[in-house]
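Q: fold the stuff below for me.
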Amino acid sequence: MKIDGSCLCGAYAYEAEIDPAKVVVCHCTDCQISSASAFRFGVLVRKDRYVELRGTLKTFVKIAESGAPRALTFCPECGTSIYGCEPEGPTVYSLRLGTARQRAELVPQVQVWRRSALPWISCVDELRAHDSQPDKLRPRSDF
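A: Numbering: from 1, shown residues only. Here you go, the predicted model:
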């Protein structure tokens, strides 16, 4: 499947050819922290099937739990995480699918690092829901 995406500010954009059957949810603590969320969803994409359309990414190298270094890329303007990979000579990128325009069509097929999942993650569907942000939850300066 051909997908395209960009960072939040639009300074960086890409196209990629992916296998939608390989979309995963990752609950590892590194993904929780770097995404500022409960999990991240993504897919592995071969480097030769990934095309940068505009912009240049910044890289942060993190040592994973395994002891292996991981290069985490992000937009230097807005901080949007784009992909992770080996720091030297990567052949595969772990693409962050929250950046893909087609993200609603990309249904995760498996969860990884489930042992690190936040304990409340399974009850999200049971929470009261709003189609947009209600006025009483809007940020205010009169706290």
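Q: tell me what Ala100 is bridged to.
A: The bridge-partner assignment for Ala100, based on DSSP bridges, gives Gly5.
Q: so it is in contact with Thr80, correct?
A: No. Counting by C-beta atoms under 8 Å, Thr80 is not a contact partner of Ala100; they are 11.8 Å apart. For the C-beta atoms, the positions are set from N, CA and C on the backbone; glycine is no exception.
Q: okay, and the common contacts of these two?
A: Taking C-beta atoms under 8 Å, 6 or more residues apart in numbering as the contact rule, Ala100 and Thr80 touch no residue in common.
Q: counting by contacts, list what the lowest-mean-pLDDT helix or strand in the chain packs against.
A: Taking mean pLDDT, DSSP states H and E as the measure, the helix or strand of the chain with the lowest value is helix 29-35, at a mean of 83. Taking 3 or more C-beta pairs under 8 Å, 6 or more residues apart in numbering; DSSP states H and E as contact, the helices and strands that helix 29-35 lies on are strand 40-46.
Q: quick one, what contacts Arg49?
A: If you count contacts by C-beta under 8 Å, 6+ apart, Arg49 has them with 16-18.
Q: tell me which residue lies nearest the centroid of the chain.
A: Within the chain, the residue whose C-alpha comes closest to the C-alpha centroid is Arg96; the distance, by C-alpha atoms, centre = their mean, is 3.0 Å.
Q: about what we covered before: now the contacts of Arg49 in CSV, with pLDDT, secondary structure and distance to Pro134?
A: Conversion of the contacts of Arg49 to CSV gives the following (pLDDT from 0 to 100; DSSP: H, G, I helix; E, B strand; the rest coil; distance: C-beta to C-beta, whole Å):
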residue, pLDDT, secondary structure, distance to Pro134
Ala16, 98, strand, 36
Glu17, 98, strand, 40
Ile18, 97, coil, 36
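Q: pull out the buried residues from those residues.
A: Restricting these to buried positions leaves 16, 18, with burial counted as 16 or more other C-beta atoms under 10 Å.
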